[in-house]
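>>> Have a look; sequence and predicted model below, questions after that.
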Amino acid sequence: MDVKEFVFKIAVLGSAGVGKTSLINRYVDRMFTEDYKPTLGASIIAKDVVIEKTDIRYAVRLVLWDLAGQEKYESVRPMYFQGCVGAILVYDVTRAPSFNEIEEKWLNDFKQYALPNSSYILIGNKIDLDNIRKVETGKGQKLADSINSAAFIETSAKTGENVDECFTKLVNSVLRIVGEDV
Amino acid sequence: MLSDKVVKNSLVNALLEAIFDVLDADGRKSIIQFANVDITNEKLPSKGTTSFDDFIKLVNAMNFLLAYSKTVMYEIGRKFSFYFSPYGGTLSDFIDLIQNTLSNEMKTEISYPKDNMILIKIKNCPFCKGAVTILPGRKTEGFTCEFFKGLIYGTMAKSSDLGDSIEVSHICKGLNECIFEVEIQKKEKE
């Protein structure tokens, strides 16, 4: 079986407190903590992913950049985007402003400074808090369609629901962008 | 096999301070954790030395996690030049100081082919180590050398009033040798 190796730099973006770090912790370490500690600067984590097809194996090293959502990092954030081939745009389904900022702020920044032809997916996080939901699924899907997001998924970093799927979809999408038939 | 060589902590701390300036606390924590060395954000090395192997682990971690982040690497190099030698000095003094702090692991050669040009050849650059092996099947793409470009720029800008008139370019030949070309543009008389 052929093996192809890739290294993808991925940014995880969204307003402060939407659960970016929790999504990464759930995906990489299979853990979740209720304590909220804002990310200072950029937290960078590597994760190896293997995707097997019938006659080829893709060994992908993801370098995940968990970027601080606070305003004070706005001047340095463009520097952090350099070389990114993909992004996970995260909003909190219980906070409408975090949803509004996806298009107004995060996607614009990403498109401006990341590599051209990069891929991104839209994530509505915290679906375990459905009783206080402010952003309906249909609204998220509509935004995903309008911004040409490679996928739209609602997740819960707390329960782990759909978390792996969101990273897998992004990796597949980036692989397609670099010319792989996945 | 572990070597018995050591690196002065002044250099290790300068690198960690530079990383903090550019990536803040969580960025530095990420690099330290990936390196798996006995250092934390709260417990930086004190006076004395760190093993050369631990230093290389930190450099490897930086090279890996900051792959494709050229500007970040450049800025870390620029800040490093300040923290390592805050009072400035000539480029050749600065490189001698690094070489000496690194147990003479790195070999450098500085020449002046033209009035406004300096060539710096670096062999066995410890900041390149890991860049080739940690990204299997990939060329270094020169991103590691951005650190040294920033360092050269920072040192020269600090030790003179040249500032914006310095242009640093490089040819990366992987672990064996890198050549940095420093061109000093002539400033127009005001």
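Looks like it came in fine. Note that this is a predicted model, so its numbers are computed, not measured.
>>> so, in contact with chain A or not, the lengthiest helix in chain B?
Of all the segments of type helix in chain B, defined by DSSP state H, the longest one is helix B:9-35. Yes. In terms of C-beta under 8 Å from any C-beta of the partner chain, part of helix B:9-35 sits within range of chain A, namely B:22-27, B:29-31, B:34. (Each C-beta comes from the backbone N, C-alpha and C, glycine too.)
>>> who does the following helix or strand past that helix pair up with?
Elements were assigned by DSSP states H and E; along the chain past helix B:9-35, the next helix or strand is strand B:49-51. The pairing partners recorded for strand B:49-51 under DSSP bridges are strand B:6-8 (antiparallel).
>>> Need the contact partners of the partner strand.
Strand B:6-8 is contacted from outside by B:48-52, B:55, B:101-103, using C-beta atoms under 8 Å, 6 or more residues apart in numbering or on different chains.
>>> near chain B, which residues of chain A?
Of all the residues in chain A, those in contact range of chain B (C-beta under 8 Å from any C-beta) are A:5, A:7, A:9, A:39-46, A:61, A:63, A:66, A:68, A:73, A:76, A:79-80, A:82-84.
>>> State the helix or strand in which residue 64 lies.
Reading this off chain A. Using DSSP H and E, A:Leu64 sits in strand A:56-67.
>>> Switch to chain B, please.
When secondary structure is defined using DSSP H and E, the element that contains B:Phe64 is helix B:52-65.
>>> who does that helix touch, helix- and strand-wise?
In terms of contacts (3 or more C-beta pairs under 8 Å, 6 or more residues apart in numbering or on different chains; DSSP states H and E), helix B:52-65 is packed against strand A:42-52, strand B:6-8, helix B:9-35.
>>> Past that helix, which element shows up next along the chain?
Towards the C-terminus, the helix or strand next in line after helix B:52-65, according to DSSP H and E, is helix B:70-84.
>>> quick one: average pLDDT of that next one?
Mean pLDDT, computed over helix B:70-84, is 93.
>>> can you check stretch A:167-182 too?
Averaging pLDDT residue by residue across stretch A:167-182 gives 93.
>>> cool, and stretch A:24-41?
For stretch A:24-41, the mean per-residue pLDDT is 94.
>>> Would you mark the buried spots in that stretch?
Of the residues in stretch A:24-41, those buried under the neighbour-count criterion (16 or more other C-beta atoms under 10 Å in any protein chain shown) are A:24-27, A:32, A:39-41.
>>> Out of these, which two sit at the greatest distance?
The widest separation within those, taken as C-beta to C-beta, falls between A:Phe32 and A:Gly41 and amounts to 22.3 Å.
>>> Does A:Ser156 touch A:Cys166 like I think?
No. Using C-beta atoms under 8 Å, A:Ser156 makes no contact with A:Cys166, being 11.0 Å away.
>>> From the contact counts, what lies against the helix or strand where A:Ile24 lies?
Under the assignment given by DSSP H and E, the secondary-structure element containing A:Ile24 is helix A:20-29. Using 3+ C-beta pairs under 8 Å, 6+ apart as the contact definition, the elements that helix A:20-29 packs against are strand A:2-13, strand A:42-52, strand A:56-67, strand A:86-92, strand A:119-125, helix A:163-177.
>>> Please name whichever of these is nearest to A:Asn131.
For the helices and strands packed on helix A:20-29, distance to A:Asn131 was read as C-beta to C-beta. The smallest value, 14.2 Å, belongs to strand A:86-92.
>>> Can you list the neighbours in contact with that closest one?
Contacts made with strand A:86-92 from outside it, assessed by C-beta under 8 Å, 6+ apart, are listed as A:8-15, A:17-20, A:23, A:98-99, A:101-102, A:106-107, A:110, A:114, A:118-126, A:135, A:140, A:149, A:166-167, A:170-171, A:173-174.
>>> Now with 7 Å, please.
Applying C-beta atoms under 7 Å, 6 or more residues apart in numbering or on different chains, the set of residues contacting strand A:86-92 from outside is A:8, A:10-14, A:17-20, A:23, A:98-99, A:102, A:106-107, A:110, A:114, A:118-126, A:135, A:166, A:170, A:174.
>>> ok, now which ones touch the residue lying closest to A:Val63 once chain neighbours are set aside?
Using C-beta to C-beta, 6 or more residues apart in numbering or on different chains and skipping residues adjacent in sequence, the residue nearest A:Val63 is A:Lys9, 4.9 Å away. Applying C-beta under 7 Å, 6+ apart, we find A:Lys9 in contact with A:63, A:65, A:83-85, B:67-68.
>>> secondary structure class for A:Thr33?
Following DSSP: H, G, I helix; E, B strand; the rest coil, we place A:Thr33 in the coil state.
>>> residues from chain B in reach of chain A?
By the rule C-beta under 7 Å from any C-beta of the partner chain, the part of chain B lying against chain A is B:23-27, B:30, B:34, B:64-65, B:67-72, B:75, B:135-138.
>>> what do you get if the cut-off is 8 Å, keeping everything else the same?
Counting by C-beta under 8 Å from any C-beta, the residues of chain B lying close to chain A are B:22-27, B:29-31, B:34, B:64-72, B:75, B:135-138, B:143.
>>> picking up where we left off before, and the residues of chain A next to chain B, which are buried?
For the residues of chain A next to chain B, a burial check counting by 16+ other C-beta under 10 Å picks out A:7, A:9, A:39-46, A:61, A:63, A:66, A:68, A:73, A:76, A:79-80, A:82-84.
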